[in-house]
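Student: Whatever this is, show me its structure:
(chains A and B)
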There are 2 protein chains.
Amino acid sequence: MTEFSPGPDNPVQSRLLRLLRDEGPTSRAELADRLRVPRARLVAEVSRLSELRLVRDGGPAASRGGRRSTLVELDPDLRFAAVDLGATSVTVEVTDGVLNPLCAAEEPIDVRRGPVAVLTRISEILGKLAADGHCGQLAGLGIGVPGPVSFRDGTPVSPPIMPGWDRYPVRDRLAGRHGCPVVIDNDVNIMAIGERHGGVGRSVDNMLFVKVGTGVGCGIVVHGEVYRGSDGCAGDIGHIQVDGQGPVCSCGNTGCFEALFGGAALARDALAAARNGTSPALAERLANGAHITAVEVGEGAEEGDPTCIGLIRAGGRLLGSVLASQVSFMNPSMIVIGGGLAGLGHLLLAEVRSVVYRRSLPLATGNLPVVLSELGPRAGVVGAALLASELAYGHA
Amino acid sequence: MTEFSPGPDNPVQSRLLRLLRDEGPTSRAELADRLRVPRARLVAEVSRLSELRLVRDGGPAASRGGRRSTLVELDPDLRFAAVDLGATSVTVEVTDGVLNPLCAAEEPIDVRRGPVAVLTRISEILGKLAADGHCGQLAGLGIGVPGPVSFRDGTPVSPPIMPGWDRYPVRDRLAGRHGCPVVIDNDVNIMAIGERHGGVGRSVDNMLFVKVGTGVGCGIVVHGEVYRGSDGCAGDIGHIQVDGQGPVCSCGNTGCFEALFGGAALARDALAAARNGTSPALAERLANGAHITAVEVGEGAEEGDPTCIGLIRAGGRLLGSVLASQVSFMNPSMIVIGGGLAGLGHLLLAEVRSVVYRRSLPLATGNLPVVLSELGPRAGVVGAALLASELAYGHA
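Tutor: Modelled structure (predicted):
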């Protein structure tokens, strides 16, 4: 791996950086208290981090009585890059050291073009943002990809929808190109991390983040950390069998959840309903030349089209039955629904809740909120930026 | 809570005690190396633990060259009690400091008699073992119970098959009675802990331990630690719905896994097969006055009775389908099958494996052993003794 400029070299420095990231400018006096180190030690650590251009003086702090303390803040020139790579699009954000977004870009991309073309394009986007003045030297880069990942090796592992990416050294290639530490994770995991850091899952210990997009996946948070499984493929609920007599799935098995519900399945069923006329709302859209997707189903449902409402409710019931099993198994303290189909909103949510609350052990659902994502489409980049900062700020 | 004689008061002492527990007598020189503390510090810690009667001199060590070192070993008078309380029986073991069993007792007990009667009987059993000379003052006691547990509060929580036990202060009552620290956990969790410490799951990070007894439950090991869930009821796979049109379960829902397979369901189906004559082997046993249980089904299968074989295979397929979902979700590195019905052995195992390997993501099953418990009926007490020792030896 490429060598980078030195980061923090001890846990006190890491805790200090994280505290400044999560709580903003803080006085030296309070930092010494919070980190439980003597004032002299604190001053020495701040001085060292200042030499590394990670923190700087932030002016005088409000007096707590006694000697006036000065504020410490993260260096305003710190930059993190966050990349959320989906099957058909990529979102890039550049943030400052406290993870506030400075600029963003989003564009269609076909992940099947392979790692060389896709990573080159991502670097071009970052270069363009740099040229616009938003992004100098990066302190870290986080990227989520739509497939299983070996977190340790920094590579995708047998990703079904990413031909050519298997074991490709994504982390090391990006690190070499951008001269900063890089972390790669699964796209659903970064959404779960984002939602837990800056969304509705703040401070929740055990959480399921369900992404319902073209496919369906689940990010699992255990004791505040994402659980990735032994091979990096935990949370693959899309291929849980929900109907032994169901349709054949792209994976070759029958009756997988994803073959029955998710963006792809919903578009398929909606197109059928548009063609055979059971849904006037969808038939009209098809006649007007629209491409029928989950969005059209959502619109139809809002207009009161019974077939559209029925499709969403049936999907919600299926999702609820899969989640009910996972609630019995995992006993989480929160379920968050995100991804493109979360746009179907409260109709979907109501069905999911109904099944989960009816089917799971009362003890497990007594205090279990089932809610929609707060960060929406930004969940992924927020998580990727957080992972990048964790890497740059070191292990606390 | 009751106050106890002081245990170790720092992490070095805890690591030292655990090392002696897991690896036996060790020389001072090696201890200093392994714990990465200066020799003088090691000597001081050993001396303090010796005053607490936790360790003692174990004679001269084999020479490594240079000054001869002496062995340190756990005090041979250390005693832990391990209790595995089931719905209808209780197993008690007393171990020494390295968790070798010194004596054991097992007897039928009806957990529905309530906590006062049952805990009194458990204390009587321990008193009797003490009178036989095996059990002096206990350094710790671990107990597993057949229901959800609040690990923090030391109480059962809404346990469905333990009337009268809800929130009963099991930990504190036993601690008061035996004058030692006590830890209470769910019965499947202690089996998982036991199997990971002293059975087939040694050193496995992410593991599912499936207990198939009268009911069905699952112990979940994540990063080497049991995961208990937000309300202490993680692993409740017995009430996952496997058949929307299935029989009504004791929980009130329809088609729960436990209503279709497990000791109770198998006994029900076997009795029906004995009565309607589809199984000659079971019919003969019933005519001879036998009580028809899973044991008779296992015997019938060994004799080649097709109905008995069919019952076991159907159960194995169901268990396999539930586990396939959990493999997709959890991506564990091992599945261990234990509990009374593990006695059905390789016929059951073959079906489970067949479904799990066919239904789960190849990436998740590539290196996934599905095996029978090595400790068998002792898994629970081994886990309870380990938990008791973790408590007594302190947090490393």
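Student: Okay, now the unreliable bits of the stretch 251-396 of chain A?
Tutor: Scanning the stretch 251-396 of chain A for pLDDT under 70 picks out A:396.
Student: Okay, helices next: where are they in it?
Tutor: A:257-260, A:263-275, A:280-287, A:294-302, A:306-330, A:346-359, A:362-365, A:379-393 (DSSP state H, counting those that start in this stretch).
Student: and the first one, anywhere near chain B?
Tutor: No - Helix A:257-260 is not in contact with chain B by Cβ under 8 Å from any Cβ of the partner chain; minimum separation 9.4 Å. Every C-beta, even on glycine, is put in place using the N, C-alpha and C of the backbone.
Student: Now do that helix: distance to the chain's middle.
Tutor: 22 Å (Cα atoms, centre = their mean, to the nearest Å).
Student: Touching it from outside, list them.
Tutor: For helix A:257-260, contacts defined as Cβ atoms under 8 Å, 6 or more residues apart in numbering or on different chains pick out A:215-216, A:237-243, A:246-250, A:264-265, A:315, A:318-319, A:322.
Student: make it 7 Å
Tutor: For helix A:257-260, the surrounding residues in contact (Cβ atoms under 7 Å, 6 or more residues apart in numbering or on different chains) are A:215-216, A:237-240, A:242-243, A:246-249, A:265, A:318, A:322.
Student: Among the helices of the stretch 251-396 of chain A, show me which one is buried the most.
Tutor: When you average the neighbours per residue for each of those (mean count of other Cβ atoms under 10 Å in any protein chain shown), helix A:379-393 leads with a mean of 28.
Student: Return the list of helices and strands in contact with that one.
Tutor: The contact analysis (3 or more Cβ pairs under 7 Å, 6 or more residues apart in numbering or on different chains; DSSP states H and E) places helix A:379-393 against helix A:11-23, strand A:80-85, strand A:89-95, strand A:140-145, strand A:182-186, helix A:187-198.
Student: and chain A, which residues reach chain B?
Tutor: Listed as neighbours of chain B in chain A under the rule Cβ under 7 Å from any Cβ of the partner chain: A:148, A:157-158, A:205-206, A:222, A:227, A:229-231, A:233-237, A:239-241, A:253, A:321, A:325-326, A:328-333, A:359, A:361, A:363-364.
Student: re earlier: redo the helices of the stretch 251-396 of chain A as JSON lines? Include distance to B:V200.
Tutor: Shown next, in JSON lines, are these (distance: least, Cβ to Cβ, whole Å):
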{"stretch": "helix A:257-260", "distance to B:V200": "31"}
{"stretch": "helix A:263-275", "distance to B:V200": "40"}
{"stretch": "helix A:280-287", "distance to B:V200": "54"}
{"stretch": "helix A:294-302", "distance to B:V200": "46"}
{"stretch": "helix A:306-330", "distance to B:V200": "22"}
{"stretch": "helix A:346-359", "distance to B:V200": "33"}
{"stretch": "helix A:362-365", "distance to B:V200": "29"}
{"stretch": "helix A:379-393", "distance to B:V200": "35"}
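Student: coming back round to it: return the members of the contacts of helix A:257-260 classed as buried.
Tutor: Those of the contacts of helix A:257-260 that meet the buried threshold are A:215-216, A:237-240, A:242, A:246, A:249, A:265, A:318, A:322, by 16 or more other Cβ atoms under 10 Å in any protein chain shown.
Student: from those, which single one is nearest chain B?
Tutor: The shortest approach to chain B among the buried ones among the contacts of helix A:257-260 belongs to A:I240, at 4.4 Å (Cβ to the nearest Cβ).
Student: From B:M330, how far off is A:V356?
Tutor: Using Cβ to Cβ, to the nearest Å, A:V356 is found at 19 Å from B:M330.
Student: what kind of secondary structure is the residue nearest to A:Q13 when sequence neighbours are not counted in?
Tutor: Ranked by Cβ to Cβ, 6 or more residues apart in numbering or on different chains and with sequence neighbours excluded, the top spatial neighbour of A:Q13 is A:E45, at 5.4 Å. Secondary structure, DSSP: H, G, I helix; E, B strand; the rest coil: A:E45 is helix.
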